[in-house]
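> got a predicted model here, sequence first, then my questions.
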Amino acid sequence: MITLDEEMEFVERWPGLWVRVPRHDETKFNVRECKYGPGRVFKAHPHDTDQISYIKEGKIRVMVGDEERVVGAGGYYYTPAGAPHHIKEVLEPTIEILIGLAPPETNTGS
């Protein structure tokens, strides 16, 4: 499955949050590209599976467990399953790519 940039549109989910999704097998993993407006804050929450995030552009202040860092363009952060995490503040307009395993009940492996 190939998805070109021009084939994906950002859809506004909430004020200051836009999401687009490439074509992929969501029973194995989940991929989302999120665009955040400055000043946006997200509440702490866990996921059932591990997740890795890549900051394509911009800068955010993120908290994973007890660790707080500012992550900018080119930086990554990893969130283990069950770890509370959140974006404390979007410091400048940001695009983040999120990749996580599908929930165990849908992950059939390869």
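Perfect, I can see it now. Every value quoted in this text rests on a predicted model; they were computed, and no experiment measured them. Numbers count the residues shown, from 1 in each chain.
> got the phi and psi for the spatially most central residue of the chain?
Centroid-nearest residue in the chain: residue 98, 3.2 Å away (criterion: CA atoms, centre = their mean). Dihedral pair for residue 98: phi -110, psi 130, per degrees, to the nearest 10.
> ok, the closest residue to it other than its chain neighbours - contacts?
Nearest non-adjacent residue to residue 98, counting by CB to CB, 6 or more residues apart in numbering: residue 32, 4.6 Å away. (C-beta placed from N, C-alpha, C; glycine too.) If you count contacts by CB atoms under 8 Å, 6 or more residues apart in numbering, residue 32 has them with 19, 20, 21, 97, 98.
> which SS class is the nearest residue to the third one once chain neighbours are set aside?
Closest residue to residue 21 apart from its sequence neighbours, by CB to CB, 6+ apart: residue 32 at 5.8 Å. Of the three states, residue 32 takes strand according to DSSP: H, G, I helix; E, B strand; the rest coil.
> per-residue pLDDT of residue 32, please?
Per-residue pLDDT puts residue 32 at 96.
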